[in-house]
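Asker: Sequence first, then the predicted structure, then my questions.
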Amino acid sequence: MAVKSAYISKKSAKGDKPNLTNSGFTTAEELYAYREMLLIRRFEEKAGQLYGMGFIGGFCHLYIGQEAVVVGMEMAQKEGDQVITSYRDHGHMLAAGMDPKGVMAELTGRKGGLSKGKGGSMHMFSKEKQFYGGHGIVGAQVPLGAGLAFANKYRGNDHVSVAYFGDGAANQGQVYETFNMASIWKLPVIFVIENNRYAMGTAASRSTAVSDHLGARGAAFGIPCEQVDGMDVRAVRDAADRAIEHCRAGEGPYILEMMTYRYRGHSMSDPAKYRSKEEVQKMREEHDPIEQVKARILNGKLATEDDLKKIDAEIRAVVTEAAEFAQNDPEPSPAELYTDIYVNA
Amino acid sequence: MPSILMPALSPTMEEGKLAKWLKNVGDMVKPGDVIAEIETDKATMEVESVDEGPLTAILIPAGTENVKVNTPIAVIGEADAAPAPKAEAPKAEDAPIATPAIVTSAPATSPEVPEGTEMVTMTVREALREAMSEEMRRDPDVFLMGEEVGQYQGAYKISQGMLEEFGPKRVIDTPITEHGFTGLAVGAAFAGLKPIVEFMTFNFAMQAIDQIINSAAKTHYMSGGQLNCSIVFRGASGAAARVGAQHSQDYAAWYGHIPGLKVVMPYSAADAKGLLKSAIRDPNPVVFLENEILYGKSFEVPKVEDWLVPIGKARIARVGHHVTIISFGIGMTYAMAAADKLAAEGIEAEVIDLRTIRPMDLATVLESVRKTNRCVCVEEGFPQFSVTSEIAAQVMTHAFDYLDAPVARVAGKDVPMPYAANLEKLALPNADEVVAAAKAVLYV
């Protein structure tokens, strides 16, 4: 059972299944969400393939299954709002509008990568898109995200920052140090917990007290929270609207706990033996975020099967172009080894 | 009957001002009664009586400055003729050599100071405060955050008065949460602000070192040069006095190890001011290592409109030709005292104050060593993998043919800092060790 407190939304506190009552999307919104989520899905599948072929090295954490979270959040944000996340970051970058070619070329460690090949999968940034990484130390992005919000408040603008972290990071002490500061200083930051149930190989129930409601921890700091069906992009956008409105109004931070699921292993080298194939299969068949939108589009006759196939083809072309660029772009010049360590004062 | 002695209010207090008497001669005093107020440059404190009886004499009038710790200030009951008890414990056998007095002479020559510049005397503490205040007046994106920097006026009074001038938006008291507020400040720097993060001591910054290194230092590189982090991490580093192993570590070598960081460790007030102003303006993360014992020491500071000292430039603190002594921060006190002692024996040491640990001004170091052919380096930090190890390696690599003796090092001892006064003295370097090292490389 979820923890009951004044800070949990009525919707999520009423039943076992959180937040099932969703506002509707317009046709344009459904199609936008479909396209954006599909781009992430296809991009990540391609990244997995390139990894298997040896084009991508090191760590590579795929976002497949969790697409609705970042797409729903982005739909509620406005230009200039900042985003920061962990190492499972490809989806966040694509949703922020960063160039798929640049992201993929960074994965392959090439000159045209968004960090010139010096960052890799976990470390990409875009000032233009207000995307602040891409952080490999679990939980470290949370105070950084609050710092982005601090800057907004310092400057007196009405932007919010969105700091994503997982159920694993939710056990890092600095997350709670940040909750405390964000609350006392009323920082416009939305903490998005992407609860995909497993911190690498450790189920939340094995690592986490009151593991069925991580967001409830905000209650100790006076931070409101909602538990959200993170597989339903409409529920995500709906909750994000409320959270952002709260932050923009100067009411301080807000927590959204997205109940989500990753289909792939923690990273490419993870066989995911800590969960059953049936569990994964069930999520894919019954809760897939993209299939949900697709079904609504077709059932509601918002578009035809052919229309969607056309979108699919466009997305495939974008991903193929990105993959080709990432495989053919040259490696960074050896001279890059010693550049960008310092800004020239 | 007992004399009341001038109390020490902090581990490093040597003297203070007797601000006010709250009892008059003839008043009855009970244990716990506040009888006087004492001020130091760090704090104002009340003196409570531990004795009972009439206040029979006030020995130090109110308003007296520079009253040494342990000076009798009043007498309760009938004064006895016995001298004031000494706080010093009996000496252990084989008592160590006394630590040299802190030398606070201004640099003989500094190339940055134009001839005829008016100088003002100020403490390192005041110099740091002036640097921050001037930069905050100049740039609205600069702000100060840390524990007790605002309402408390700074744990070491560095930020005294700044809350009044700049307000709570820019002088921000944080919870005791180093890891969190450091990360938050780094995030604010990513967004283009210019935070000054004060650590009460750098010992506490170990809780935050992940954010300093992984987030602040590496992001510019990891982003291919897109995202810089203009931030200053500052606070006391190294030993204070009798504060034990967890509060006494020097972090110059730790941060000096990291590409992406600049590391500054000033000795004089002029350098503290000029380098802190440069650090605040620097678009990179700068670790600015101060020293609690130096906070209260006075130096001459140039009275100029905008006193800046460049990061990455060493200073020749004393010109000589027999041996080069290289140090930085409080290590300079030992280096300068040793140079005085050596001069008395006819040995002219050239003393170089590194001032910046990273990037290190090797050109100045090597030029001097090529002239003197002998090199001693001095620091308070642990000896292994230290700043002086690095200097020794660089000198060996780049000036091997000029050396007439192996490079000698004088560092803190390879032990956690002990509490006992005699052991602490043994653990720290001293001027005589520097003198001995200089003589060793001179074979005299």
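Answerer: Thanks, I have the structure now.
Asker: Pick out the residue in the stretch 151-300 of chain A sitting closest to chain B.
Answerer: A:Glu177 (2.7 Å; C-beta to the nearest C-beta). Yep, even glycine has a C-beta here, placed from its N, CA and C like the rest.
Asker: so what's the nearest residue to that residue once chain neighbours are set aside scoring on pLDDT?
Answerer: Excluding its sequence neighbours, the residue lying closest to A:Glu177 (C-beta to C-beta, 6 or more residues apart in numbering or on different chains) is B:Gly180, at 2.7 Å. At B:Gly180, the model reports a pLDDT of 98.
Asker: I'd assumed A:Ser183 was in contact with B:Gly180.
Answerer: No: applying C-beta atoms under 8 Å, one finds B:Gly180 not in contact with A:Ser183, separated by 11.9 Å.
Asker: and the two? which has more neighbours close in?
Answerer: B:Gly180 (28 against 16; other C-beta atoms under 10 Å in any protein chain shown).
Asker: Now do the same for the more buried one: helix, strand or coil?
Answerer: Per DSSP: H, G, I helix; E, B strand; the rest coil, the local secondary structure of B:Gly180 is helix.
Asker: So it versus B:Leu426, what's the distance?
Answerer: In this view, B:Gly180 and B:Leu426 are 38 Å apart by C-beta to C-beta, to the nearest Å.
Asker: before we move on, what about A:Val160?
Answerer: 56 Å.
Asker: Between those two, which has more neighbouring residues?
Answerer: Taking other C-beta under 10 Å, A:Val160 and B:Leu426 do not tie; A:Val160 has more neighbours (28 against 18).
Asker: Let me see the contact set for the more buried one.
Answerer: A:77, A:81-82, A:149, A:152, A:188-190, A:244, A:247-248 (C-beta atoms under 8 Å, 6 or more residues apart in numbering or on different chains).
Asker: Equivalent analysis for B:Gly77, please.
Answerer: B:1-2, B:51, B:53-54, B:56 are the contacts of B:Gly77 under C-beta under 8 Å, 6+ apart.
Asker: Retrieve the pLDDT associated with it.
Answerer: pLDDT at B:Gly77 comes out at 83.
Asker: Export the contacts of A:Val160 as TSV, with columns for neighbour count and secondary structure.
Answerer: Conversion of the contacts of A:Val160 to TSV gives the following (neighbours: other C-beta atoms under 10 Å in any protein chain shown; DSSP: H, G, I helix; E, B strand; the rest coil):
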residue	neighbour count	secondary structure
A:Gln77	21	coil
A:Asp81	24	coil
A:Gln82	26	strand
A:Ala149	31	helix
A:Asn152	23	helix
A:Pro188	27	coil
A:Val189	36	strand
A:Ile190	27	strand
A:Ile244	22	helix
A:Cys247	25	helix
A:Arg248	16	helix
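Asker: can you map out the helices along the stretch 51-200 of chain A?
Answerer: A:67-76, A:90-95, A:100-107, A:141-155, A:173-184 (DSSP state H, counting those that start in this stretch).
Asker: So which of the ones you listed is nearest B:Ala239?
Answerer: Closest to B:Ala239 of those, according to C-beta to C-beta: helix A:173-184, at 28.3 Å.
Asker: circling back to that earlier point, in JSON lines: the contacts of A:Val160, plus distance to A:Gly201 and pLDDT.
Answerer: Rendered in JSON lines, the data for the contacts of A:Val160 read as follows (distance: C-beta to C-beta, whole Å; pLDDT from 0 to 100):
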{"residue": "A:Gln77", "distance to A:Gly201": "32", "pLDDT": "98"}
{"residue": "A:Asp81", "distance to A:Gly201": "34", "pLDDT": "98"}
{"residue": "A:Gln82", "distance to A:Gly201": "31", "pLDDT": "98"}
{"residue": "A:Ala149", "distance to A:Gly201": "32", "pLDDT": "98"}
{"residue": "A:Asn152", "distance to A:Gly201": "37", "pLDDT": "98"}
{"residue": "A:Pro188", "distance to A:Gly201": "35", "pLDDT": "98"}
{"residue": "A:Val189", "distance to A:Gly201": "30", "pLDDT": "98"}
{"residue": "A:Ile190", "distance to A:Gly201": "28", "pLDDT": "98"}
{"residue": "A:Ile244", "distance to A:Gly201": "34", "pLDDT": "98"}
{"residue": "A:Cys247", "distance to A:Gly201": "34", "pLDDT": "98"}
{"residue": "A:Arg248", "distance to A:Gly201": "39", "pLDDT": "97"}
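Asker: How about B:Ser386, nearest residue that isn't a chain neighbour?
Answerer: B:Ser386's closest residue in space is B:Ala253 (C-beta to C-beta, 6+ apart), at 4.8 Å.
Asker: Tell me if the one you found really is in a helix.
Answerer: Yes: applying three-state DSSP, one finds B:Ala253 inside a helix.
Asker: what residues does stretch A:53-66 touch?
Answerer: By C-beta under 8 Å, 6+ apart, stretch A:53-66 touches A:40-41, A:44-45, A:47-48, A:50-51, A:70, A:87-92, A:107-109, A:120-122, A:136, A:194, A:196, A:230, A:258, A:260-264, A:266-268, A:283-284, A:288-289, A:326-327.
Asker: Give the buried subset of those residues as a ChimeraX selection command.
Answerer: The buried subset of those, as determined by 16 or more other C-beta atoms under 10 Å in any protein chain shown, is captured in ChimeraX by this line:
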select /A:40,41,44,47,48,50,51,70,87,88,89,90,91,92,107,108,109,120,121,122,136,194,196,230,258,260,261,262,263,264,266,267,268,283,288,289,326
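Asker: near chain B, which of the contacts of stretch A:53-66 show up?
Answerer: A:Gly136 (C-beta under 8 Å from any C-beta of the partner chain).
Asker: In strands only, show me the contacts of stretch A:53-66.
Answerer: A:194, A:258 (DSSP state E).
Asker: out of the contacts of B:Gly77, who's nearest chain A?
Answerer: Relative to chain A, and with distances defined as C-beta to the nearest C-beta, the nearest of these is B:Asp51, at 44.4 Å.
Asker: Please identify which residue in the stretch 101-250 of chain A comes closest to chain B.
Answerer: For the stretch 101-250 of chain A, C-beta to the nearest C-beta, closest residue to chain B: A:Gly147, 2.0 Å.
Asker: nearest spatial neighbour of that residue, skipping sequence neighbours?
Answerer: A:Gly147 sits nearest to B:Gly187 (C-beta to C-beta, 6+ apart), 2.0 Å away.
Asker: can you check B:Pro359 too?
Answerer: B:Gly312 (4.6 Å).
Asker: quick one, phi psi at that neighbour?
Answerer: The phi/psi pair for B:Gly312 (degrees, to the nearest 10) reads phi 90, psi 10.
Asker: go on, B:Arg318?
Answerer: Reported as degrees, to the nearest 10, the phi and psi values for B:Arg318 are phi -160, psi 130.
Asker: Mind listing the residues bridging to it?
Answerer: Beta-bridge partners recorded for B:Arg318 (DSSP bridges): B:Val351.
Asker: avg pLDDT for the one helix or strand B:Leu276 maps to?
Answerer: Using DSSP states H and E, B:Leu276 maps to helix B:269-281. Averaged across helix B:269-281, pLDDT comes to 98.
Asker: Stretch B:190-202 too?
Answerer: 98.
Asker: quick check, distance from it to the centre of its chain.
Answerer: Centroid separation for stretch B:190-202 versus its chain: 19 Å, with C-alpha atoms, centre = their mean, to the nearest Å.
Asker: Kindly reformat the contacts of B:Gly77 as TSV containing distance to A:Lys101.
Answerer: Output for the contacts of B:Gly77, formatted as TSV (distance: C-beta to C-beta, whole Å):
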residue	distance to A:Lys101
B:Met1	88
B:Pro2	83
B:Asp51	82
B:Gly53	87
B:Pro54	89
B:Thr56	89
